[in-house]
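**Q** sequence and predicted structure below; questions after.
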Amino acid sequence: MENVLKKLFVVLLLCLVHSAVCHADTFKGKIVNAETGEILIGATIRSEINPQPGWSMQNQAETDSTGCFFLNASWEGRIMFTFSMIGYKNARKVDYAYGKEVNDTTDLGIIKLQPTALMLKDVEVTAKMPRITMSGDTIVFNPEAFKLKEGARLDELIKKLPGVENRDGKLYWNNKPIRLMMNGKNLFGGDQIIGQLPAEVAGKLKLYDRKSELARHTGKDEGDEDHVLDIQVKPGFLDKWYGNVEAQYQTKKRYMFNVTASKLSDHDPQMVYAQANNANRYIDRTMNSSMNANIDGDGKSQYGSYNYQHNWQTKGADKFDNNSFDISANMGHSDGWNTTGQSTETFFPNQERTFAVSENYRYKHKIAPQMQARLFAYTDSLNTINLSSG
């Protein structure tokens, strides 16, 4: 009996030791101003791990609109964090990462950055414009109360909104996806277009819950609501074109070029995209989706699309005026190729060995024209038409 108790004690001790040495491969924390306690948005966190002598694995992240950050460590070893922001002194912290085999989280706590002497000298006491106000159940954000770099885009402003997160290119608020609207209508181009528009187009940003079209139409509450971020555009910014032109050139075999342009409008928004590259990328963008993927081992592609929407109101349909007709036409072309090699060795007892070397070349050519159309309209306050093709 005594031996059995000893064995149980040893097993229990080993379990306790195992749980005590279970470290995390994800690190989180919050960065604030050491003088005022104000959260610092856009502060940089850099990590460096030396898994082996002569190796240096680095990673980087930024604080979100709440001053918080998350950073993963895929390698095991001593990890050093450097926290920095313009106008503040750097801070450092050392911990240990156990790599991707462990799926726990280490809280680094609150990191306080000390303002530089110049930063403190330039501080002026002025009346601050409120970032957030409430209008009934609607949260209203004032864009002018957020500090942005000159020439900042609309997506940079949205990322700074408290509670808003960007996960893999999708926007979330309180862990629920955000539906983007503009002046009360669905934003044509969605998440794709906010990276092209200047932040100054937004007069106000309204965040509220919106019932589905069916629930609004029938008056029956299904309990299914969308989190809506409604961008209220300033006067003078509508019915204008906005866009980007990007070009990269290394050699005749390595180039990339793309043009993106969007017309911001309540009635007739449009979106144009074109690209050509010899860097093994196939990129397409339409009014509803986008894709960026490898073609093959190597390749080249060309792509172009035109997207148009017309919005109007139906007389007698009261508040139900989200009528729209969408059309998208695009053409894609790609050439992909790859060469693979294989060597084999065959031998039998008492026989000579044989060797074989083979090489396989693969080539594929693709042309992908596509057209899509969608109609959604209220014929009156009780009936709708919903058609789609493509």
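**A** Happy to help now that I have it.

**Q** give the contact list for the closest residue to residue 111 other than its chain neighbours.
**A** The shortest distance from residue 111 to any residue other than its chain neighbours is 4.7 Å, reached at residue 31 (Cβ to Cβ, 6 or more residues apart in numbering). From N, CA and C alone the C-beta is placed, and that goes for glycine too. By Cβ atoms under 8 Å, 6 or more residues apart in numbering, the residues touching residue 31 are 39-40, 43, 45, 63, 67, 69, 83, 85, 110-113.

**Q** and the helix or strand hosting residue 31, which residues are buried?
**A** Using DSSP states H and E, residue 31 sits in strand 26-33. Applying a neighbour-count criterion of 16 or more other Cβ atoms under 10 Å, one finds 27, 29-33 buried in strand 26-33.

**Q** format the residues you listed as CSV; extra columns: distance to residue 313 and pLDDT.
**A** Shown next, in CSV, are the buried residues of strand 26-33 (distance: Cβ to Cβ, whole Å; pLDDT from 0 to 100):
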residue, distance to residue 313, pLDDT
27, 52, 90
29, 50, 94
30, 47, 94
31, 48, 94
32, 48, 93
33, 49, 90
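
**Q** and the residues you listed, which is closest to residue 193?
**A** Taking Cβ to Cβ as the measure, residue 193 lies nearest residue 31 of the buried residues of strand 26-33, at 30.7 Å.

**Q** for residue 130, see how far away the closest one is.
**A** According to Cβ to Cβ, to the nearest Å, residue 31 and residue 130 sit 23 Å apart.

**Q** residues in contact with stretch 164-180?
**A** 64-65, 158-159, 163, 186-187, 190-191, 194, 207, 210, 226-229, 231.

**Q** and with 10 Å instead?
**A** The contact list for stretch 164-180, computed with Cβ atoms under 10 Å, 6 or more residues apart in numbering, reads 64-66, 68, 70, 139, 141, 155, 158-159, 161-163, 186-195, 205, 207, 209-210, 225-231, 290.

**Q** buried only: go through these for me.
**A** By neighbour count, with 16+ other Cβ under 10 Å, the contacts of stretch 164-180 hold 64-65, 139, 141, 155, 158-159, 161-162, 186-194, 205, 207, 227-231 as buried.

**Q** read off the pLDDT value for the most centrally placed residue in the chain.
**A** For the chain, residue 169 is the residue whose C-alpha lies nearest the centre (Cα atoms, centre = their mean; 1.9 Å). Looking at residue 169, its pLDDT reads 71.

**Q** any low-confidence regions in the stretch 101-250 of the chain?
**A** 118-129, 212-224 (pLDDT under 70).

**Q** re the thing from before, from the buried residues of strand 26-33, which is closest to residue 302?
**A** Distance ranking of the buried residues of strand 26-33 against residue 302, using Cβ to Cβ, places residue 27 first at 43.0 Å.

**Q** state the distance from that closest one to residue 72.
**A** From residue 27 to residue 72 the distance is 8 Å (Cβ to Cβ).

**Q** common neighbours of the two, please.
**A** Common neighbours of residue 27 and residue 72 (Cβ under 10 Å, 6+ apart) are 47, 59, 61, 97, 105.

**Q** quick check on those: which are buried?
**A** Taking 16+ other Cβ under 10 Å as the criterion, what is buried in the shared contacts of residue 27 and residue 72 is 47, 59, 61, 97.

**Q** farthest pair in these?
**A** Most distant of these, by Cβ to Cβ, are 61 and 97, 14.2 Å apart.

**Q** from residue 277, how far out is the residue nearest to the centre of the chain?
**A** Distance, residue 169 to residue 277, using Cβ to Cβ: 20 Å.

**Q** hang on, the earlier thing: of the buried ones among the contacts of stretch 164-180, which belong to strands?
**A** Mapping the buried ones among the contacts of stretch 164-180 onto strands (DSSP state E) picks out 139, 141, 186, 205, 207, 227-231.

**Q** residue 143 versus the spatially closest residue to residue 285 that is not a sequence neighbour, what's the distance?
**A** Leaving aside its chain neighbours, residue 285 sits nearest to residue 273 (4.4 Å; criterion: Cβ to Cβ, 6+ apart). With distances taken as Cβ to Cβ, residue 273 is found 27 Å from residue 143.
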